[in-house]
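# here is my input, please return the structure:
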Amino acid sequence: MDWGMKNRLSRIIKPDTGRTVMLAVDHGYFLGATSGLEEPGKTIKPLLPYADSLMLTRGVLRTSLAAENDIPIVLRVSGGTSIIGKSLSDEGITVSMEDALRLNVSAVALSIFVGTEYEKQTLLSLSKLVDVGEKYGIPVLAVTAVGKEMNRDVRYLSLCCRIAAELGAHFVKTYYCENFTQVVKECPVPIVIAGGKKIEERAALELAFCAARDGAVGVDMGRNIFQSDCPQGMLRAVREIVHKKAKVEQAFELYESIKNR
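Sure, this is the predicted structure:
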């Protein structure tokens with residue numbers, strides 16, 4: 001891994017803790033105006049001081065984030081499907097690496113759909129993206145998307161993460177599961193955990209705690225942050241867990257104190 005690649009990755013995964021708290025706001029690329037992201041700029045702005053990086057699309061980046069903000073960007077570069085389409089797994093690459101460079105991103109991200117009819121095309125897309133990323137020094141995040149027919153268990157997630165790493169992904173985003181330490185053990189690149197659908201705040205903090213305890217380098221949360229009744233409090237509480245190894249109860253107390261101010 002050359003200097004540029006290492007430098008970009010170190011902006012996301014902080015060297016002082018070896019951890020990261022990513023804020024995912026890329027949901028609109030297939031869901032449209034997601035609840036809480038109807039006006040992305042208004043949602044993002046108060047959360048910027050507490051996120052290590054933003055995962056979003058180029059459209060939202062160009063229209064909703066001021067250029068003077070110095071926050072690492074993980075750019076969503078896959079898509080082509082929608083929630084009302086035939087299959088969400090029928091994705092392709094939607095952004096050139098040249099445009100990603102123009103946007104000064106720290107990494108690019110795409111989804112892979114292992115076990116679906118479009119498995120091959122998404123894995124080949126990952127391979128091609130890694131090739132171009134290596135050429136320009138841009139890390140690639142592989143997102144192990146899971147369809148309704150797939151079980152989020154250790155066997156399946158270990159398979160997805162290992163395949164992504166074998167094809168050259170520099171880090172992987174996946175789901176937390178029982179026996180998650182095995183997923184980490186069998187994946188030779190860093191893993192961040194997806195927040196998934198909105199759940200109760202304490203449960204979301206427990207998810208972050210368990211993921212960090214079991215070997216994930218951090219979390220990439222979206223709906224459990226911006227759909228919370230106190231988004232800033234939730235993001236700050238997650239930071240306490242991921243970077244400062246706070247217990248769930250300590251983090252929940254922080255969230256409640258900020259909420260009740």
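# what mean pLDDT does stretch 195-211 have?
The average pLDDT within stretch 195-211 is 97.
# same question but for stretch 103-121, I mixed them up
95.
# what comes up buried for that stretch?
When burial is assessed from 16 or more other CB atoms under 10 Å, stretch 103-121 yields the following buried residues: 105-114, 116, 118, 121. C-beta here means a position set from N, CA and C on the backbone, and glycine is covered the same way.
# how far off centre is it?
12 Å (CA atoms, centre = their mean, to the nearest Å).
# return it as PDB; C-alpha atoms alone will do.
Extracted in PDB, the C-alpha atoms of stretch 103-121 (Å, rounded to 0.1, in the frame of the first residue of the first chain):
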ATOM      1  CA  LEU A 103     -14.200  15.500  -5.400                       C
ATOM      2  CA  ASN A 104     -11.100  14.900  -3.300                       C
ATOM      3  CA  VAL A 105     -12.500  11.800  -1.600                       C
ATOM      4  CA  SER A 106     -10.700   9.600   0.900                       C
ATOM      5  CA  ALA A 107     -12.300   6.300  -0.300                       C
ATOM      6  CA  VAL A 108     -14.900   4.900  -2.600                       C
ATOM      7  CA  ALA A 109     -17.600   2.400  -1.700                       C
ATOM      8  CA  LEU A 110     -19.700  -0.100  -3.600                       C
ATOM      9  CA  SER A 111     -22.000  -3.000  -2.600                       C
ATOM     10  CA  ILE A 112     -21.500  -6.600  -3.400                       C
ATOM     11  CA  PHE A 113     -24.400  -9.100  -3.500                       C
ATOM     12  CA  VAL A 114     -22.900 -12.600  -2.800                       C
ATOM     13  CA  GLY A 115     -25.500 -15.400  -3.300                       C
ATOM     14  CA  THR A 116     -27.800 -13.400  -5.600                       C
ATOM     15  CA  GLU A 117     -28.200 -13.800  -9.400                       C
ATOM     16  CA  TYR A 118     -26.100 -10.600  -9.800                       C
ATOM     17  CA  GLU A 119     -23.200 -11.900  -7.600                       C
ATOM     18  CA  LYS A 120     -20.700 -12.200 -10.500                       C
ATOM     19  CA  GLN A 121     -21.300  -8.700 -11.900                       C
END
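# ok, the spatially most central residue of the chain to Tyr176 distance?
Nearest to the geometric centre of the chain sits Asp220, at 3.9 Å (CA atoms, centre = their mean). Going from Asp220 to Tyr176 by CB to CB, to the nearest Å gives 12 Å.
# need the residues touching each of the two.
Ile193 (CB atoms under 8 Å, 6 or more residues apart in numbering).
# okay if I get the buried residues of stretch 103-121 as a markdown table plus distance to Lys14 and secondary structure?
Conversion of the buried residues of stretch 103-121 to a markdown table gives the following (distance: CB to CB, whole Å; DSSP: H, G, I helix; E, B strand; the rest coil):
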| residue | distance to Lys14 | secondary structure |
| --- | --- | --- |
| Val105 | 17 | coil |
| Ser106 | 12 | coil |
| Ala107 | 14 | strand |
| Val108 | 20 | strand |
| Ala109 | 18 | strand |
| Leu110 | 23 | strand |
| Ser111 | 25 | strand |
| Ile112 | 26 | strand |
| Phe113 | 30 | coil |
| Val114 | 29 | coil |
| Thr116 | 34 | coil |
| Tyr118 | 35 | coil |
| Gln121 | 34 | helix |
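# many thanks, I have nothing further to ask.
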